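[1] Using only what follows, build the 3D model:
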Amino acid sequence: MLSIQDITVQYGKNPQPTIEHFNLDMEQGEIVSVVGESGSGKTTVIRAVLGLLPGGGSVTEGDILFEGKSLLKYDKKQWRELRGTDISMIFQDSGAMINPVRKIGSQYVEYIRTHKDLSKKDAWDLAVEMLERMRLPSGDNIMKSYPFQLSGGMRQRVGIAMAMTFEPKLLLADEPASALDVTTQAQIVRQMMELRDNFGTGIIIVTHNIGVAAYMADKMIVMQYGKVVDEGDREKVLHHPEDAYTKNLIASVPSLEGARYV
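    Numbers count the residues shown, from 1 in each chain. Below you'll find the predicted structure:
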């Protein structure tokens, strides 16, 4: 479904690449976790997939294929049709992506009707259903609220609900639960896994939480300084890591009374 072929990403005239020689092949329904410390290049990878590199960033080498077609050759119209439907993204701070001076319902209905031919009422009902699936109480009230009337965690769940609306083939998740309490984190992770189980959605989740990565992933990729230092299936990376950085990352996970959770 997705093939990232030896890509290098650079920003502006900086001679030092942010990402060097990154490769990934994933099938439909696979979950891939990309883990590493802040600044390791994790978010840059998924932004490159969706054509959303900020600040003059560009893929200078390699290619990115989605269902056999090069995303690097897409024009604006093709991107507009692809984003939010076949490929969706959950941003680290989804709340910051919501227009602060418009009510949630106005934005959500517009988003749905941009991609699907529905009446305003049907689009409203679909949005309410998605919000309530994200464990937000009273979806109607959420739709009638301004973003500033919601907590940070509630705004994050609105962003996640929007990303999941069209049951995308590929979901890119950038620290999707970092703004949420641990109970809600668990609910969101389960919801994402259900999307995979029910609709065959492939997921790339970027996280510094190796516990979440270990729980969700079929494959794991460990990054440091823009390069892949370890990769493979979950069991291989967790129990037979090759790089010292991966070993230290795993060792840093807290244990409780001698019990380890990765």
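[2] alpha carbons only for contacts and neighbour counts from here, please
    Fine.
[3] Can you pull up the most central residue in this protein?
    With distances taken as CA atoms, centre = their mean, the residue of the chain nearest its centroid is Ala173 (1.0 Å).
[4] Could you pull up the residues touching Gln10?
    The contact partners of Gln10, by CA atoms under 8 Å, 6 or more residues apart in numbering, come to 16-19, 57-60.
[5] what's the helix or strand for it?
    strand 2-11 (DSSP states H and E).
[6] Can you list the strands that that strand pairs with?
    Taking DSSP bridges as the criterion, strand 2-11 forms sheet pairs with strand 19-26 (antiparallel), strand 57-66 (antiparallel).
[7] buried stuff in the longest one?
    When you say that, I think you mean strand 57-66. 57-59, 62-65 (16 or more other CA atoms under 10 Å).
[8] What of the shortest one?
    Counting neighbours by 16+ other CA under 10 Å, one finds that the buried residues in strand 19-26 are 19-23, 26.
[9] ok, residues contacting that strand?
    So strand 19-26 is in contact with 1-10, 32, 41, 44-45, 62, 202, 225-228, going by CA under 8 Å, 6+ apart.
[10] Tell me the pLDDT of the closest residue to Ser145 other than its chain neighbours.
    Leaving out its chain neighbours, the residue that sits closest to Ser145 by CA to CA, 6 or more residues apart in numbering is Lys103, at 5.4 Å. pLDDT for Lys103: 96.
[11] Tell me, how many residues neighbour Lys103?
    The tally of other residues near Lys103 (other CA atoms under 10 Å) stands at 18.
[12] Repeat that for Lys144.
    Neighbour tally, Lys144, other CA under 10 Å: 14.
[13] Quick check, it in contact with Arg102.
    No. With contact defined as CA atoms under 8 Å, Lys144 does not count as touching Arg102 (9.7 Å).
[14] All the strands of the chain, residue numbers only.
    Taking DSSP state E as the test, the strands found in the chain are 2-11, 19-26, 31-35, 57-66, 69-70, 87-90, 170-174, 202-207, 219-224, 227-233.
[15] Pipe those strands into CSV and attach distance to Glu242 and mean pLDDT per row.
    Shown next, in CSV, are these (distance: least, CA to CA, whole Å; pLDDT from 0 to 100):
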stretch, distance to Glu242, mean pLDDT
strand 2-11, 21, 94
strand 19-26, 17, 94
strand 31-35, 15, 94
strand 57-66, 25, 94
strand 69-70, 32, 95
strand 87-90, 30, 90
strand 170-174, 25, 92
strand 202-207, 20, 92
strand 219-224, 11, 93
strand 227-233, 6, 93
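[16] Tell me which of the ones you listed sits nearest to Met154.
    strand 87-90 (13.8 Å; CA to CA).
[17] pLDDT below threshold where in this protein?
    94-96, 179, 254-262 (pLDDT under 70).
[18] can I get the CA coordinates of the longest helix belonging to it in CSV?
    Assignment by DSSP state H gives helix 182-199 as the longest helix of the chain. Output of helix 182-199 as CSV, limited to C-alpha atoms (Å, rounded to 0.1, in the frame of the first residue of the first chain):
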residue,chain,number,x,y,z
VAL,A,182,-4.0,7.9,30.5
THR,A,183,-7.6,6.6,30.6
THR,A,184,-8.5,8.6,27.4
GLN,A,185,-5.2,7.6,25.8
ALA,A,186,-6.2,4.0,26.2
GLN,A,187,-9.6,4.7,24.7
ILE,A,188,-8.1,6.5,21.7
VAL,A,189,-5.5,3.7,21.1
ARG,A,190,-8.3,1.1,21.1
GLN,A,191,-10.4,3.2,18.7
MET,A,192,-7.4,3.4,16.3
MET,A,193,-6.9,-0.4,16.5
GLU,A,194,-10.6,-0.9,15.8
LEU,A,195,-10.3,1.2,12.7
ARG,A,196,-7.6,-1.2,11.6
ASP,A,197,-9.5,-4.3,12.5
ASN,A,198,-12.9,-3.2,11.0
PHE,A,199,-11.7,-1.3,7.9
